[in-house]
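> Sequence first, predicted coordinates after that:
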Amino acid sequence: KADCLKKGIDFVPGENERAKHFNQFSSHEQKKMASNDLKDQLQNNMFNLVKAYASCLYSNSSKGGYSVSECKNEASTSYFDFFYFVFKSIGKIQNILLTIAGILLSFYYLFNKRKSDVLTKIIAVLILYVFFISGMSCLQCDRFHLLFFPLVIVLGINFFSKKNNNYLL
């Protein structure tokens, strides 16, 4: 994506000439090429690399599930559009809210002056790790974020239970 930004062309995963050329090689050769490309991007295209990474983080954090967006009304039912809209909306809202909650709760537990237990800190680090590595894969919707949603719920329950002096973790 950073290369596409540099050249001013649209990024379409797997469809650009560069991606098609890359896919002609074995996985071992691809690994070498990707390593060299990353070094080149870091040295010669840092601004677009950071821009592409931030764009991917935003995209992955603000879209609904891919499986819902790819549904088709093959049976031509009259209610399809309604349920398509409802489930797509739920997916987007869930992704946005749980991602924001996960990031905020993670930073809260990592930088809170009061002592947090080790398990809570591990969960917080795991959430942030998955969030930040999701930026390496663009236009993946909530594919990576789904991994940490249950952990966000656990941290949220822990946060609210401590407010009421009922400790979960």
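Right, received. Where do you want to start?
> CA only for contacts and neighbour counts going forward, please
Will do.
> Next one: S55 relative to L5, how far apart?
Going from S55 to L5 by Cα to Cα, to the nearest Å gives 11 Å.
> could you point out which element follows the helix or strand of the chain with the lowest mean pLDDT?
In the chain, no helix or strand scores lower on mean pLDDT, DSSP states H and E than helix 66-69, which sits at a mean of 74. Counting by DSSP states H and E, the next helix or strand C-terminal to helix 66-69 is helix 80-111.
> I'd like to know which elements the helix or strand just after that following helix is packed against.
Counting by DSSP H and E, the next helix or strand C-terminal to helix 80-111 is helix 118-134. Contact analysis of helix 118-134 by 3 or more Cα pairs under 8 Å, 6 or more residues apart in numbering; DSSP states H and E lists helix 46-62, helix 80-111, helix 149-163 as its packing neighbours.
> Packed most tightly, which of those would that be?
Burial of those is given as mean neighbour count (mean count of other Cα atoms under 10 Å); helix 46-62 ranks first at a mean of 19.
> what's that helix in contact with?
With contacts defined as Cα atoms under 8 Å, 6 or more residues apart in numbering, helix 46-62 is touched by 1-3, 5-6, 41-42, 92, 95-96, 99, 131-132, 134-145.
> Quick one, which of the helices and strands packed on helix 118-134 gets closest to Q30.
Between Q30 and those, the shortest gap by Cα to Cα is with helix 46-62, which sits at 19.1 Å.
> tell me the angle the closest one makes with helix 80-111.
Orientation note: helix 46-62 sits at an angle of 120 degrees relative to helix 80-111 (axes from the mean of the first three to the mean of the last three Cα atoms, to 10 degrees).
> Check the offset of helix 46-62 from the chain's centre.
Relative to the chain's own centre, helix 46-62 is displaced by 10 Å; criterion: Cα atoms, centre = their mean, to the nearest Å.
> same check, this time on stretch 106-125
Relative to the chain's own centre, stretch 106-125 is displaced by 21 Å; criterion: Cα atoms, centre = their mean.
> Show the end-to-end separation of that stretch, please.
Length of stretch 106-125, first residue to last, Cα to Cα: 7 Å.
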